[in-house]
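J.: take this sequence and fold it.
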Amino acid sequence: MAQRTPKKVVVSEAAVKNAGVRATKASAKLEGRVIPVDHRRSAAVKAYLEKQQPPKRKLLQPARRAVRAHSVTCGAYHAQPSRLSACNGAVHGPAARLR
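T.: Numbers count the residues shown, from 1 in each chain. Next up is the predicted model:
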């Protein structure tokens, strides 16, 4: 009789994790290491576990761009350098309303 090769099956990460959780719980139950449902950790244990956690990463804030006037004739403030070339010294903003 010809030897059959086993079929390859794609298993999700969640399924692998769930199988590990089930195996760990079953092992703990066999060894008598089951924790009661109403068990609460003491303050000392909570403090110890908190101390053992790695430091939390701070989110980096984007750098703010300097706002500046690019010419006396324009009088407008541009935060983006790309807008400087689009202006070409034309009168706009508060100065345009005066005309």
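J.: mean confidence score for the lengthiest helix in the chain?
T.: Assignment by DSSP state H gives helix 13-31 as the longest helix of the chain. Throughout helix 13-31, pLDDT has a mean value of 95.
J.: next secondary structure after that helix?
T.: Moving toward the C-terminus from helix 13-31, the next helix or strand (DSSP states H and E) is helix 43-52.
J.: which parts of that following helix are buried?
T.: Residues of helix 43-52 classed as buried under the neighbour-count rule (16 or more other C-beta atoms under 10 Å) do not occur. (Each C-beta comes from the backbone N, C-alpha and C, glycine too.)
J.: other residues contacting the longest helix of the chain?
T.: Around helix 13-31, the neighbours that count as contacts under C-beta atoms under 8 Å, 6 or more residues apart in numbering are V34.
J.: start the count at 246, not 1, going forward
T.: Fine by me, first position is 246 from now on; the one you just mentioned is helix 258-276.
J.: kindly export it (C-alpha atoms) in CSV.
T.: Output of helix 258-276 as CSV, limited to C-alpha atoms (Å, rounded to 0.1, in the frame of the first residue of the first chain):
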residue,chain,number,x,y,z
GLU,A,258,-2.5,32.4,15.2
ALA,A,259,-5.6,32.7,17.4
ALA,A,260,-6.2,29.0,17.1
VAL,A,261,-2.6,28.2,18.2
LYS,A,262,-2.9,30.6,21.1
ASN,A,263,-6.3,29.1,22.2
ALA,A,264,-4.8,25.6,22.1
GLY,A,265,-1.9,26.8,24.3
VAL,A,266,-4.3,28.4,26.8
ARG,A,267,-6.4,25.2,27.0
ALA,A,268,-3.3,23.0,27.4
THR,A,269,-1.9,25.3,30.2
LYS,A,270,-5.2,25.3,32.0
ALA,A,271,-5.5,21.5,31.8
SER,A,272,-1.9,21.1,33.0
ALA,A,273,-2.6,23.4,36.0
LYS,A,274,-5.8,21.5,36.9
LEU,A,275,-3.9,18.1,36.8
GLU,A,276,-1.2,19.5,39.1
